[in-house]
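Colleague: just to be clear, the model below is a prediction. Sequence and coordinates:
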Amino acid sequence: MKRLLGVIGDPVAHSMSPYIHNHWLRENEIDAVYAALEVKAGELETALASLRAHGAIGLNVTLPHKETALKLAASAGDTARRIGAANTLVRTPDGEWRAENTDAPGFALTLEYGDIAVEGRDVFLLGAGGSARAVADVLARRGARLTLCNRTMARAEALAPDLAPAARILSLDDGLRQLTKASVVINTLSLGHTGGVLDLPEATGGIFYDISYGKGAAANLAEASRKGWRTLDGLGMLVAQAALSFELWFGVTPDLAAAHRRARTLLEAVQ
């Protein structure tokens, strides 16, 4: 019987994670299958119990469940605890879930591969959800001058003391008006998945990095490009965090560069 892995979230049908992980499973001759599993808000606890009963051995977690996944897990790694969100669940020998966070190290890898320096630079982070918490942790630790922007300022204010105590807090509207000050803008908002587009100002030489990819990022990346920003999507972060998850489940480190090339080719073919 094949072992089960998957990504849980809503929306999730667009996810490239099954393509990425199933290739690695075949490449390493591992008898398992990885699937996209739609789980609505409020249904995570029931879903995790069901998946455990069906023998699932590992899961990735995407919006809107990252913070809840940490709370429901029986144990957690240091990074997940510090950030307050989990994007990876590992089945332990006693059958429980251990929460991990590979978003943070995955994002850090993309900064290195993309040659994006943030130390001492003005970085605006849009959003305050589970992914934003991982991104903020990396940026603060790398010495960015961080500004957190979110529609609900209380969410950004709750994030800051634990992960980025020196950060400025702005409403999303105020933050968008001040983006010309930014060297780097990182968008973690999910509005691109529902057709929303940010009203961006003309660039003054900065980078606009949307951690989504494909259709979820297309409109905002196009808007940023029209306004003169250097643009970057989240496919590299997806592949990096996936590889780190795969390593946690199987002790195997996949080839990141090859996986990114394959995923980029497929993404361009379906767009």
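Modeller: Great, that's in hand.
Colleague: what's the burial count for the closest residue in space to H14 that isn't next to it in sequence?
Modeller: Nearest residue to H14, sequence neighbours excluded (Cβ to Cβ, 6 or more residues apart in numbering): G214, at 6.0 Å. To be clear about C-beta, it is placed using only N, CA and C from the backbone, and glycine gets the same treatment. For G214, the count of nearby residues is 21 (other Cβ atoms under 10 Å).
Colleague: any idea how far W97 is from G214?
Modeller: Distance of G214 to W97, given as Cβ to Cβ, to the nearest Å: 28 Å.
Colleague: which parts of this protein are helices?
Modeller: Secondary structure of the chain, counting by DSSP state H: helices at 17-27, 44-53, 66-72, 78-83, 103-113, 130-141, 153-163, 172-177, 215-226, 235-250, 256-270.
Colleague: buried residues in stretch 227-247?
Modeller: Neighbour-count burial for stretch 227-247 flags 227, 229, 231-246 (criterion: 16 or more other Cβ atoms under 10 Å).
Colleague: measure stretch 167-183 end to end?
Modeller: In stretch 167-183, first residue to last residue: 15 Å (Cα to Cα, to the nearest Å).
Colleague: identify all contacting residues around it.
Modeller: Contacts made with stretch 167-183 from outside it, assessed by Cβ atoms under 8 Å, 6 or more residues apart in numbering, are listed as 118, 121-124, 126, 136, 140, 146-151, 153, 156-157, 160, 185, 189, 198-207.
Colleague: and these, which of them are in strands?
Modeller: Counting by DSSP state E, the part of the contacts of stretch 167-183 found in strands is 122-124, 126, 146-150, 185, 207.
Colleague: for D103, what are its contacts?
Modeller: Going by Cβ under 8 Å, 6+ apart, D103 touches 66, 83, 85, 87, 130-131, 134-135, 237, 241.
Colleague: and those residues, which is closest to T110?
Modeller: Nearest to T110 among the contacts of D103, counting by Cβ to Cβ, is M237 at 4.9 Å.
Colleague: skipping adjacent residues, who's closest to L70 in space?
Modeller: A86 (4.3 Å).
Colleague: count the neighbours of that neighbour for me.
Modeller: There are 33 residues near A86, going by other Cβ under 10 Å.
Colleague: contacts only, for it.
Modeller: Residues near A86 by Cβ under 8 Å, 6+ apart: 61, 66, 69-70, 73, 76, 80, 99-101, 130.
Colleague: of the residues you listed, closest to L44?
Modeller: Distances from L44 to the contacts of A86, taken by Cβ to Cβ, are shortest for A69, at 6.6 Å.
Colleague: isn't that closest one right next to A47, touching?
Modeller: No: using Cβ atoms under 8 Å, A69 makes no contact with A47, being 10.3 Å away.
Colleague: so which of those two has more stuff around it?
Modeller: The neighbour comparison of A69 against A47 (other Cβ under 10 Å) goes to A69, with 29 against 18.
Colleague: which residues touch the residue nearest to A74 when sequence neighbours are not counted?
Modeller: Excluding its sequence neighbours, the residue lying closest to A74 (Cβ to Cβ, 6+ apart) is E96, at 3.7 Å. Each residue near E96 by Cβ under 8 Å, 6+ apart is listed here: 73-75.
Colleague: how near is E96 to L244?
Modeller: Going from E96 to L244 by Cβ to Cβ gives 21 Å.
Colleague: one more: P254?
Modeller: In terms of Cβ to Cβ, P254 sits 10 Å off from L244.
Colleague: closest to E27 among the contacts of A86?
Modeller: Using Cβ to Cβ, the contacts of A86 come closest to E27 at E100, 22.3 Å.
Colleague: kind regards, and thank you for your time.
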